[in-house]
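**Student:** mind folding the following:
(2 chains)
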Amino acid sequence: MINIRVRVAPSPTGNLHVGTARTALFNELLARQQGGKFIIRLEDTDKERSKKEFEENILEGLRWLGLTWDEGPDIGGDFGPYRQSERTAVYTAALQQLLDQGKAKKGEGETIVLLVEPQEVVFKDEVRGEVKVHTDSFGGNFIIARSLTDPLFHLAVVVDDEAMKITHVIRGEDHLHNTVKHILIQRALGYATPSYAHLPLLLDEKRAKLSKRSGETSLLVYRDRGYLPEAMLNYLALLGWNPKNDREFFSHQELVEAFNLSGVQKAGAVFSMHKLDSVNKYYLQKLSPQELCLASLPFLEKAGITTSDTQRLEQALTAEQPRAAHLTDLASAVEWVADSWPGNYETALLIWKKSDAATTKTLLEKMTAKMQEISEEKFTENDLEKILLEWIDEEDMGRGDTLWPLRVALTGRKHSPGPFEVASILGKGEVARRLLLAQEKFGSL
RNA sequence: GGCUCCAUCGUCUAAUGGCUAGGACGCUAGAUUUUCACUCUGGCAAUAGGGGUUCGAUUCCCCUUGGAGCUACCA
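**Tutor:** I've put the predicted structure just below:
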């Protein structure tokens, strides 16, 4: 069996697009599964629009997703360089060859034009089957270089895929038409044609190609919004590909084992934030307390939440975990554990919907006293629940009337984990302090 | 406009000639409950239309319709 060599060839004229990330993923999965090589090549022949910062964004995005590559601009390889801007000599030689053999001619200015005999070009696409296009549909001859030292996309792609011994070209459907031109160039140069597979496009809600205008397309923005890389990877993999069964969740390694081009869909796939969120939530729920803490750190920092007690922070994060869909949500939700918790919630929030201010204040006072009676050793979630519920029921104070204000007094939030859990995390001293603060909010009512 | 590709619930998709078209997200009703979330139970929701082929079409063929991509001295 031949060793496959696949590549992803982004153009550093913008941040890493989620669609490019998915294309990269599919390529990488196939390479890993077949024991082949995955290569990154930067197509920066557009000197005006190509920027170093975009190159860095692209590589960082792919790394964040957990993809690895065998050859690329950052690590080199046997078939480099991996930036087209550094490969001018190779293109010049190819262009000169075409000119010498009469397969291309000089066009307007310094341009070089490939001479095309009118014909029907047929190729087999691994996803779509046979595709036929007549050269008349695009006017036959076409420009392949601005000058002998300034190649255009079509020429550079073909020359590089040959030089880098690419066996399978897996790319977006937007390149389907380009494939015809690429095959024409390959034939003129005497190259073999690699195997082609065109992936369905990622679509926006209006079913148009996902673009900056229609939605967020930058992969790393999703990282910054609190998505986990394993969730993004899983979601992207299932967009336009499926394992032919009901399975929804895959690790990277599981994808390597399960992936195949025959499971690739032909129709475009809408990039749905709802589904992404649910996948992210699933992965967020699976994190261990330590992993959760580690993943949350940058977001806590950004939210300005610090705590001297890391164990307390870890407990708070775990307590909030079931209701978080993003790391950003989690970071803001856990605000109540911060050393500098302001406690500046609205007084009205303390009052349960079926209660009133006077009752609430009285019950908070009783609660404060009751808490004082409970020993430090009994300040655990289970014991607190047992003791307090028993007491509330005995005194007939009503669970909602009592527990709602307790919870708000401790967190200052409309939604939070239960009061027993929060109280046990904060500890007796802090609970007393916050209960007092809550009472003070009512003034001399 | 031309060329090309595509078409199953709102979305991602399974079923490829043969049970009441399955799952997930979403939506929704309920259970639980101090809030939200979690969890559990139930419900709504699709083969674009029309012709064929066949004993039988989601599935194969044709037409229509609809959608998308490409149509640069961008990639």
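
**Student:** surely A:A237 meets A:E28?
**Tutor:** No - in this structure A:A237 lies outside contact range of A:E28 using CB atoms under 8 Å: 10.6 Å. All C-beta spots, glycine's among them, are computed from the backbone N, C-alpha and C.

**Student:** mind listing the shared neighbours of those two?
**Tutor:** Shared contacts of A:A237 and A:E28, defined by CB atoms under 8 Å, 6 or more residues apart in numbering, are absent.

**Student:** and the two? Which one has more around it.
**Tutor:** Neighbour count, other CB atoms under 10 Å: between A:A237 and A:E28, A:E28 has more, with 28 against 21.

**Student:** near RNA strand B, which residues of the stretch 251-400 of chain A show up?
**Tutor:** Within the stretch 251-400 of chain A, the positions lying close to RNA strand B (CB under 7 Å from any atom of the strand) are A:263, A:265-270, A:272, A:274-275, A:277-278, A:322-323, A:352, A:399-400.

**Student:** can you tell me which of those residues are in helices?
**Tutor:** A:H274, A:K275, A:D277, A:S278, A:R399, A:G400 (DSSP state H).

**Student:** need these in a markdown table with pLDDT and distance to A:F442, can you?
**Tutor:** A markdown table is the format used below for these (pLDDT from 0 to 100; distance: CB to CB, whole Å):
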| residue | pLDDT | distance to A:F442 |
| --- | --- | --- |
| A:H274 | 92 | 42 |
| A:K275 | 94 | 45 |
| A:D277 | 95 | 39 |
| A:S278 | 95 | 41 |
| A:R399 | 90 | 21 |
| A:G400 | 90 | 18 |
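
**Student:** okay, those residues in a markdown table with neighbour count next?
**Tutor:** A markdown table is the format used below for those (neighbours: other CB atoms under 10 Å):
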| residue | neighbour count |
| --- | --- |
| A:H274 | 7 |
| A:K275 | 14 |
| A:D277 | 15 |
| A:S278 | 14 |
| A:R399 | 12 |
| A:G400 | 13 |
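
**Student:** and of those residues, the nearest to A:L220?
**Tutor:** Taking CB to CB as the measure, A:L220 sits nearest to A:D277 out of those, at 17.7 Å.

**Student:** the closest one and A:A325 touch, don't they?
**Tutor:** Yes - contact criterion CB under 8 Å: A:D277 and A:A325 qualify, at 5.1 Å.

**Student:** so who does the most centrally placed residue in chain A touch?
**Tutor:** Of all residues in chain A, the one closest to the mean position by CA atoms, centre = their mean is A:M232, 4.0 Å from it. Counting by CB under 8 Å, 6+ apart, A:M232 makes contact with A:A21, A:L65, A:L219, A:Y222, A:R223, A:L276, A:N280.

**Student:** residues contacting the second one?
**Tutor:** With contacts taken as CB under 8 Å, 6+ apart, A:L65 has the following neighbours: A:A21, A:A24, A:L25, A:L219, A:P229, A:M232, A:L233, A:L236.

**Student:** could you do the first one as well?
**Tutor:** Contacts for A:A21 (CB under 8 Å, 6+ apart) come out as A:G61, A:L62, A:L65, A:L219, A:M232, A:L236.

**Student:** roughly how far apart are the fourth one and A:F379?
**Tutor:** Here the distance between A:L219 and A:F379 works out to 45 Å (CB to CB, to the nearest Å).

**Student:** do A:W69 as well
**Tutor:** According to CB to CB, A:W69 stands 52 Å off from A:F379.

**Student:** more neighbours: which of the two?
**Tutor:** Neighbour tally, A:W69 and A:F379, criterion other CB under 10 Å: the higher count belongs to A:W69, 24 against 20.

**Student:** not counting sequence-adjacent ones, nearest residue to A:Q315?
**Tutor:** A:I425 (4.6 Å; CB to CB, 6 or more residues apart in numbering).

**Student:** CA atoms of the helix or strand that neighbour falls within as PDB?
**Tutor:** Secondary-structure assignment from DSSP states H and E places A:I425 in helix A:419-426. Once non-C-alpha atoms are left out, helix A:419-426 reads as follows in PDB (Å, rounded to 0.1, in the frame of the first residue of the first chain):
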ATOM      1  CA  PRO A 419     -27.600  26.900  49.300                       C
ATOM      2  CA  PHE A 420     -26.200  23.900  51.200                       C
ATOM      3  CA  GLU A 421     -23.500  23.300  48.700                       C
ATOM      4  CA  VAL A 422     -22.600  27.000  48.500                       C
ATOM      5  CA  ALA A 423     -22.600  27.400  52.200                       C
ATOM      6  CA  SER A 424     -20.300  24.400  52.700                       C
ATOM      7  CA  ILE A 425     -17.900  25.800  50.100                       C
ATOM      8  CA  LEU A 426     -17.800  29.300  51.600                       C
END
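
**Student:** who's in contact with the residue nearest to A:S195 when sequence neighbours are not counted?
**Tutor:** For A:S195, ignoring the flanking residues on the chain, the nearest one in space by CB to CB, 6+ apart is A:H168 at 4.7 Å. Counting by CB under 8 Å, 6+ apart, A:H168 touches A:I4, A:R5, A:V6, A:L30, A:E126, A:P194, A:S195, A:Y196, A:A197.

**Student:** cool, and A:Q97?
**Tutor:** So A:Q97 contacts A:L189 (CB under 8 Å, 6+ apart).

**Student:** my guess is it is in a strand, correct?
**Tutor:** No - under DSSP: H, G, I helix; E, B strand; the rest coil, A:Q97 sits outside any strand and is assigned helix.

**Student:** could you report the separation of it from RNA strand B?
**Tutor:** 20 Å (CB to the nearest atom of the strand, to the nearest Å).

**Student:** could you do A:Y345 as well?
**Tutor:** For A:Y345, the distance to RNA strand B - CB to the nearest atom of the strand - is 13 Å.

**Student:** ok, that residue - contacts?
**Tutor:** Shown in contact with A:Y345 (CB under 8 Å, 6+ apart): A:V408, A:G412, A:R413.

**Student:** any chance of TSV for these, columns secondary structure and neighbour count?
**Tutor:** Formatted as TSV, these follow (DSSP: H, G, I helix; E, B strand; the rest coil; neighbours: other CB atoms under 10 Å):
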residue	secondary structure	neighbour count
A:V408	helix	25
A:G412	coil	21
A:R413	coil	17
